[in-house]
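Sequence and predicted model, in that order:
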Amino acid sequence: MKHLPEADLADTAARTDGVIWVHLDHSDEHGMALLVEKINPRRDDLRDVNNRTPVPKLHIYPDHHDSAINGLARGSDGLLHFQPLKTFLTPRMLWTAFGPANAKMSAQAVTTTWTSSVTRSTSARSARQPPSTSSRPSGR
């Protein structure tokens, strides 16, 4: 996995090897505009990025899949809180966006929880198969 400058996103997306993973926060207006430009999600699915939805969702469309799930992260109060994660998937791109977090959760708690999950998942997959090309654009 490597960070990809935003300027290289279009050229990299046109390639046929690997998958591009773009991660955003729900409040990242510029990143959300890129999501709309590259995937053109349905209005209600896009609106869900800014909402806390307690029930998992999966929408399968001809051009992409959209899902909304909740993970758990420990808050400053020591309790576990839901952390919404929305995904938009095409054959070449995976877009993930954190939804709004509970006020008792720091940005570091949210990021650490999800980064740990991705690292464990990537490590387990790497042990089973050769690595694939994956890129994440860096922020603005």
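Thanks, I have it.

shaky segments in this structure?
Scanning the chain for pLDDT under 70 picks out 1, 106-107, 109-140.

Just give me the residue right at the centre of it.
residue 96 (1.2 Å; CA atoms, centre = their mean).

contacting residues around the host helix or strand of that residue?
Using DSSP states H and E, residue 96 sits within strand 93-98. Here strand 93-98 makes contact (CB atoms under 8 Å, 6 or more residues apart in numbering) with 13, 19-26, 28, 31-32, 35, 38-39, 49, 83-89, 110, 114. (Each C-beta comes from the backbone N, C-alpha and C, glycine too.)

How is residue 11 assigned, secondary-structure-wise?
The three-state assignment at residue 11 reads helix, by DSSP: H, G, I helix; E, B strand; the rest coil.

For residue 21, list each beta-bridge partner.
residue 94 (DSSP bridges).

now residue 89
residue 65, residue 94.

Tell me how far the residue in the chain sticking out farthest from the centre lies from residue 21.
For the chain, the largest distance from the centre (CA atoms, centre = their mean) belongs to residue 77, which lies 25.8 Å off. For residue 77, the distance to residue 21 equals 31 Å [CB to CB, to the nearest Å].

which residues of this structure fall in helices?
9-14, 29-39, 43-48, 107-128 (DSSP state H).

same for the first one, what does it pack against?
It stands for helix 9-14. In terms of contacts (3 or more CB pairs under 8 Å, 6 or more residues apart in numbering; DSSP states H and E), helix 9-14 is packed against strand 19-25, helix 29-39.

what comes up buried for the shortest one?
Along strand 19-25, these residues count as buried under the neighbour rule (16 or more other CB atoms under 10 Å): 20-25.

Please consider this matter closed, and thank you.
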